[in-house]
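K.L.:
sharing a model prediction with you, sequence too.
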Amino acid sequence: EVQLVESGGGLVQTGGSLRLSCAASGITRDDYAIGWSRQAPGKEREGVSCIRNGYAYYADSVKGRFTISSANAKSTVYLQMNNLLPEDTAVYYCAVQLNPFGNSCLEEKIYGMDYLGKGTLVTVSK
């Protein structure tokens, strides 16, 4: 059974930083991408950042501010978020996509994700 457990969310002021962590277990496939999606209040869930074959992908809205990294053969995935803005307020989910291609792991609305964690809330105050 695949389990994705997020941690590290919280309340931060505009311009602040947070680091999210995801502990992944139970993934038996070799061909997968892992990363982060988010859902802001009243909006659809969207891809934020993901890693596929050692390459990192980022949504335009977070490029230059967020950095994804992994450790222990992708069993732990981090999202370092700097210069946070109020529009970054959302529930952040650790997400896994099987058989990814190109930047499909970022295009959640088109290709979907196969596994999601329960999420961690990030709130950025003005």
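P.N.:
Sure, I can see it.
K.L.:
Leu98 versus the residue nearest the centre of the chain, what's the distance?
P.N.:
Nearest to the geometric centre of the chain sits Trp36, at 1.2 Å (Cα atoms, centre = their mean). Trp36 is 17 Å from Leu98, where distance means Cβ to Cβ, to the nearest Å. To be clear about C-beta, it is placed using only N, CA and C from the backbone, and glycine gets the same treatment.
K.L.:
just Ala59 next, same as before
P.N.:
For Ala59 relative to Leu98 (Cβ to Cβ), the value is 21 Å.
K.L.:
ok, the two, which is more surrounded?
P.N.:
Ala59 (19 against 14; other Cβ atoms under 10 Å).
K.L.:
quick check: which element contains the closest residue to the more buried one other than its chain neighbours?
P.N.:
Spatially, and ignoring its direct neighbours in sequence, Ala59 is nearest to Val48 (5.4 Å; Cβ to Cβ, 6 or more residues apart in numbering). Using DSSP states H and E, Val48 sits within strand 46-52.
K.L.:
buried residues, the helix or strand just after that strand. List them.
P.N.:
Counting by DSSP H and E, the next helix or strand C-terminal to strand 46-52 is strand 55-58. Within strand 55-58, the residues that count as buried by 16 or more other Cβ atoms under 10 Å are 57-58.
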